[in-house]
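**Q** this one's sequence-less:
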């Protein structure tokens, strides 16, 4: 895992952007509210097929049944894997959208996952996202992409994940009334739901 972080830092340095891993900022709920009784941290890679299936299938139900009802705060963490050529750049797009608003992040994340098979081959992330956003949203996103400190935030997520023992994506960490549980792999909703209910004390 240390090798992955080192390769990430080297890649960022080669791109001419800052490599200092800054202090952890307070997590932002991409779905749900900060005062929800359960927090769900999802460490994800936008070029990872199982991460895409997990987001488009399982997490849509989690958003609807837990985040939208005030039961859970869902925090999406960037965890680009070295085996994926465009994962870091994809994380940059998603992080820029997250910096603008949770609503824009949701659109960009879905666009990245739905068009994953195409941009993972041709590297055209901008085109994949532009196909979903309107011109105003795209202009806002491109402006946000100019902030190279976003790479620090991605590095922070990697560092935080590794400190918690995260080794692959997707990995879900559920924090609730019964403590913290770490789950590796793309579980189906039927398998994840009982764990969320347990975290709620139900």
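**A** Received the coordinates, thanks. The model shown is predicted, which means the values in this text are computed figures rather than measured ones.

**Q** Next, count neighbours for residue 184.
**A** 15 (other Cβ atoms under 10 Å). Yep, even glycine has a C-beta here, placed from its N, CA and C like the rest.

**Q** Please apply the same query to residue 200.
**A** 17.

**Q** Would you confirm that it contacts residue 39?
**A** No: Residue 200 lies out of contact with residue 39 (Cβ atoms under 8 Å); the separation is 11.4 Å.

**Q** which residues do these two both contact?
**A** residue 176 (Cβ atoms under 8 Å, 6 or more residues apart in numbering).

**Q** Can you list the low-confidence ranges for this structure?
**A** Along the chain, the model assigns pLDDT under 70 to residues 1-27.

**Q** the strands in it, which residues?
**A** Under the criterion DSSP state E, strands of the chain are mapped to 38-44, 72-78, 171-176, 179-184.

**Q** Is it possible to get a markdown table of the ones you listed that adds distance to residue 192?
**A** What follows is the strands of the chain, written out as a markdown table (distance: least, Cβ to Cβ, whole Å):
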| stretch | distance to residue 192 |
| --- | --- |
| strand 38-44 | 9 |
| strand 72-78 | 11 |
| strand 171-176 | 7 |
| strand 179-184 | 7 |
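
**Q** Quick check: nearest residue in space to residue 201, chain neighbours excluded?
**A** residue 177 (4.1 Å; Cβ to Cβ, 6 or more residues apart in numbering).

**Q** Wait, that neighbour touches residue 39, no?
**A** No: contact criterion Cβ under 8 Å: residue 177 and residue 39 do not qualify, at 11.4 Å.

**Q** Looking at these two, which is more packed in?
**A** Using other Cβ under 10 Å as the criterion, residue 177 and residue 39 rank with residue 39 on top: 19 against 11.

**Q** Might you report the residue contacts of the more buried one?
**A** 27, 72-75, 174-176.

**Q** repeat for residue 188
**A** 57-58.

**Q** Compute the number of surrounding residues for residue 107.
**A** 17.

**Q** got a list of what it touches?
**A** 97, 132-133, 137 are the contacts of residue 107 under Cβ under 8 Å, 6+ apart.

**Q** now residue 187
**A** 54, 58, 172.

**Q** Now do the nearest residue to residue 98 once chain neighbours are set aside against residue 177, distance only.
**A** Excluding the flanking residues, the one nearest residue 98 by Cβ to Cβ, 6+ apart is residue 105, at 4.2 Å. Distance, residue 105 to residue 177, by Cβ to Cβ, to the nearest Å: 28 Å.

**Q** for residue 188, same thing?
**A** With Cβ to Cβ as the criterion, residue 188 and residue 177 are 23 Å apart.

**Q** now swap in residue 77 and tell me
**A** Taking Cβ to Cβ, one finds residue 77 at 22 Å from residue 177.

**Q** Check residue 195 too.
**A** Where residue 177 is concerned, residue 195 sits at a distance of 12 Å (Cβ to Cβ).

**Q** Check residue 43 too.
**A** 22 Å.

**Q** what do you get for residue 30?
**A** Relative to residue 177, and taking Cβ to Cβ, residue 30 is found at 22 Å.

**Q** That concludes my questions; thank you for your assistance.
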